[in-house]
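*Asks:* prediction below, plus the sequence it came from.
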Number of protein chains: 2
Amino acid sequence: MRDFVFHNPTKIIFGRNVLLQTGGQTASFGSKALLVSGRESLKKQGIYQAAHHSLRQAGIEVVEHAGVQPNPIVSHVQQGIALAQKNGVGIIVAVGGGSVIDSAKAIAAGALAGHDVWGFFKGKKSIKAALPVIAVPTVSGSGSETNNGMVLTNEATRQKIGIGNRYLFPKIAILDPTVTFSVPQSTTTFGAVDAFTHLLEFYLSREESFSPLQDHYSAGLMQTLMGACEGALANPRDYQSRAELMWASALALNGISAAGLGRVGFPFHLIEHSLSALHNIPHGAGLAAILPGAMAFVARKNPTRQALFATQIFGLRDADQQLLAQEGIRLFSEWLKKISAPTSLSDLNLSQKDIPALAANTQAQANLWRLREYPPEIIEAILWECL
Amino acid sequence: MRDFVFHNPTKIIFGRNVLLQTGGQTASFGSKALLVSGRESLKKQGIYQAAHHSLRQAGIEVVEHAGVQPNPIVSHVQQGIALAQKNGVGIIVAVGGGSVIDSAKAIAAGALAGHDVWGFFKGKKSIKAALPVIAVPTVSGSGSETNNGMVLTNEATRQKIGIGNRYLFPKIAILDPTVTFSVPQSTTTFGAVDAFTHLLEFYLSREESFSPLQDHYSAGLMQTLMGACEGALANPRDYQSRAELMWASALALNGISAAGLGRVGFPFHLIEHSLSALHNIPHGAGLAAILPGAMAFVARKNPTRQALFATQIFGLRDADQQLLAQEGIRLFSEWLKKISAPTSLSDLNLSQKDIPALAANTQAQANLWRLREYPPEIIEAILWECL
């Protein structure tokens, strides 16, 4: 186990209808809030209104900043910062998915900075303060509600960059599984795949099993996500499944699964970011499409990790590590099909002619994120496996 | 999953020789510290001196309060409070085992209270503030270093009471596995059994498997503790095993394993407290002695939980839940023997004639802790299984 620092101070309020506590929880941090949200779907379901009402009931003056898009963009964040500053808000409340929560974090940091917020993402400036953020996730998957990371896209420079900072932990995360009852089936699926991949990337990236503790932790969460995803698809109002998806997504990326692993990368996420950027594919769909191929690549390079996956996730045993690895990948692909997720680039109507552009885009990102361990030939090789 | 609030703000510094960071970490909270410690063994190994030196190097004035005993007593805590108040210390640093850290928490709360510290334990007063606590555990097991609980004994009234409060989370936990290289073999064993039991009590106490997420989490940690305990006994300076014991002990009782389970009790701990109190047995030894019997009791009442234990911990499968449960208990007893732990009351030289007094003592505690679900006949029935 490598040395690490773990500090996750986010307070989690979890349960049925805790959405209605949004105002009360926010009130302890101030009396004027910027309410950040996404597109219209939440309003149709009354979730946005319930949060807004709760804030007003608690005596909080609300300034609205809606319209965050998936793959949130810096120009919209800059508008939010201007709005926050103009109105002198003291708190940022995010009601939405990971993109909304990431935008809220960026606004919270940007509102207290004396420079453009993109300076943080370029690594030119470091975050030294942020307004308190209250995160109310309305989909499960990203984990942003209980961690200190955020990813933004700069439309002008075509850069998508993620950073982390201790001031970005939400003060409060209000996790109400009932608000996810009415998300589309595909959102449930892709959110579960996203959280699963957060765990899987760390799980597979280790050269040797130097931390069985983390293996057990991650494998348990992966199994939970798989079962709960099926449960939620079969019955969208099954509270237990929704609760497990929400809590497992938070635990997947709150720092514990990476503690003690040293520096870890997100190669599958990097490749997927290129898929989303070039072909406008939902994040979770892009991840699902590359996972079986990426696993096959891992199995050839390092069969023991992929064999352990087969054992811990599917209870398989075999003396031949390579056979074991392959059987685990096969069962995992079957599970993806079961939840109506793509399992290859072909399923996304992409072919080998698309690989060079994808590889080049991924490589550019890897350079940007300073990930030296993913040279172009490795990225291309992974993509070939994903056809 | 039941509703819950999870908030664990303790910052964890984990790794090789982080003991030497004690001073630097403490300095951000003030310049005068009460250094709480136990008996002489730490001094022989130089651990106490290293922490003391680190504090002095960071410019911190140190007031020493040594001599905390296992099963810490309120009179010694009261002396610590007087010392802290007289010297106007602003920080409490604990270097030792769970009893030292618990004492430090009680001093931290008591030093800011306008009344006797025991008032908190009697439930007459609530904790509204506490001095910052820096926890430097020198044994793995209790988990006190990253949670908000403390247990004290009042020698005068012969009461042993545990309470929890959000102000009791240590600000910083300095987890240095190398400081546990030289603990006695029995301390390693009993610490692992203690942490294991923290997980097991929650794991078994559920009526039905309504939270597979928690089952996976707890089972993974229990397996980790078992393997790492064997590793540390075979080679006391095996860093990986020591690191796993330390991190798993923290994760076992930091709030995650209980999140979503509703109100959970510690019946095995309660019975063990009586064993310790009446027969002066180390906490972990007392736990080990009652676990196989307590499991047998659980298996009769609720075989599915004990069967799940057999499957998740030992990979066993059988259509007959009762057979499966029994085989899991048998394998667990064998593991206890392997690590030189007792497996029955007979191993502690106790017999059926000791049961009535143990049952009465446990019952008195259950009343004190307001645990209505453990009437005397159940406690006696469990103890009979432990013979």
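*Replies:* Nice, thanks for sending it over. Residues are numbered from 1 along each chain as shown, chains lettered A, B, ... in the order given.

*Asks:* could you chop chain A up by domain?
*Replies:* A:11-179, A:184-385 (automatic domain parsing).

*Asks:* in chain A, which helix or strand is least confident?
*Replies:* helix A:41-45 (a mean of 75; mean pLDDT, DSSP states H and E).

*Asks:* and the pLDDT at the nearest residue to A:P177 once chain neighbours are set aside?
*Replies:* In space, and not counting its chain neighbours, A:P177 is closest to A:R242: 3.8 Å by Cβ to Cβ, 6 or more residues apart in numbering or on different chains. For the C-beta atoms, the positions are set from N, CA and C on the backbone; glycine is no exception. According to the prediction, A:R242 has pLDDT 97.

*Asks:* can you check A:S211 too?
*Replies:* A:S211 is given a pLDDT of 70.

*Asks:* burial of it, as a residue count?
*Replies:* By other Cβ atoms under 10 Å in any protein chain shown, the residues close to A:S211 number 23.

*Asks:* that older thread, now do the least confident helix or strand of chain A: everything it contacts.
*Replies:* A:48-49, A:95-96, A:138, A:179, A:182 (Cβ atoms under 8 Å, 6 or more residues apart in numbering or on different chains).

*Asks:* apply 6 Å and report the result again.
*Replies:* A:48, A:138, A:182 (Cβ atoms under 6 Å, 6 or more residues apart in numbering or on different chains).

*Asks:* may I see the buried residues of it?
*Replies:* For helix A:41-45, a neighbour-count test (16 or more other Cβ atoms under 10 Å in any protein chain shown) marks A:L42 as buried.

*Asks:* and the next helix or strand past that helix?
*Replies:* Once helix A:41-45 ends, the next helix or strand along the chain (criterion: DSSP states H and E) is helix A:47-57.

*Asks:* helices or strands up against that following helix?
*Replies:* helix A:22-27 (3 or more Cβ pairs under 6 Å, 6 or more residues apart in numbering or on different chains; DSSP states H and E).

*Asks:* try 10 Å
*Replies:* helix A:22-27, strand A:32-37, helix A:41-45, strand A:61-65, strand A:91-96, strand A:133-137 (3 or more Cβ pairs under 10 Å, 6 or more residues apart in numbering or on different chains; DSSP states H and E).

*Asks:* do the fifth one and chain B meet at all?
*Replies:* No. Counting by Cβ under 10 Å from any Cβ of the partner chain, no contacts exist between strand A:91-96 and chain B, the nearest distance being 17.9 Å.

*Asks:* now the element after that strand, going C-ward?
*Replies:* helix A:98-110.

*Asks:* same for that next one, what does it pack against?
*Replies:* Using 3+ Cβ pairs under 10 Å, 6+ apart, helix A:98-110 sits against strand A:32-37, strand A:61-65, helix A:74-87, strand A:91-96, helix A:118-121, strand A:133-137, strand A:149-154, strand A:159-164.

*Asks:* 6 Å instead?
*Replies:* Using 3+ Cβ pairs under 6 Å, 6+ apart, helix A:98-110 sits against strand A:32-37, helix A:74-87, strand A:91-96, strand A:133-137, strand A:149-154.

*Asks:* from what I see, A:N154 and A:V74 are in contact.
*Replies:* Yes. A:N154 lies in contact with A:V74 (Cβ atoms under 6 Å); the separation is 4.8 Å.

*Asks:* which residues of chain A lie near chain B?
*Replies:* Within reach of chain B by Cβ under 6 Å from any Cβ of the partner chain, chain A has these residues: A:1, A:3-7, A:9, A:11-15, A:212-213, A:216-217, A:220, A:223-224, A:243-244, A:248.

*Asks:* circling back to that earlier point, any chance of a markdown table for the helices and strands packed on helix A:98-110, columns mean neighbour count and mean pLDDT?
*Replies:* Shown next, in a markdown table, are those (neighbours: other Cβ atoms under 10 Å in any protein chain shown; pLDDT from 0 to 100):
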| stretch | mean neighbour count | mean pLDDT |
| --- | --- | --- |
| strand A:32-37 | 26 | 97 |
| helix A:74-87 | 18 | 98 |
| strand A:91-96 | 30 | 98 |
| strand A:133-137 | 30 | 98 |
| strand A:149-154 | 21 | 92 |
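
*Asks:* nearest to A:N235, of those?
*Replies:* strand A:133-137 (20.6 Å; Cβ to Cβ).

*Asks:* what's that closest one in contact with?
*Replies:* A:22, A:26, A:51, A:92-95, A:101, A:104-105, A:108, A:145, A:170, A:172-174.

*Asks:* re earlier: for the least confident helix or strand of chain A, what is the distance to the chain centroid?
*Replies:* 22 Å (Cα atoms, centre = their mean, to the nearest Å).

*Asks:* same deal with stretch A:192-205?
*Replies:* The answer for stretch A:192-205 is 10 Å, by Cα atoms, centre = their mean.

*Asks:* and stretch A:332-339, by the same measure?
*Replies:* 20 Å.

*Asks:* ok, now stretch A:175-184?
*Replies:* With Cα atoms, centre = their mean, you get 17 Å for stretch A:175-184.

*Asks:* ok, now stretch A:183-192?
*Replies:* The answer for stretch A:183-192 is 13 Å, by Cα atoms, centre = their mean.

*Asks:* for that stretch, give the mean pLDDT please.
*Replies:* 96.

*Asks:* for it, give me every contacting residue.
*Replies:* Against stretch A:183-192 from outside (Cβ under 6 Å, 6+ apart): A:139-141, A:225, A:229, A:232-233, A:282, A:284-285, A:339, A:341.

*Asks:* brilliant, that's me finished.
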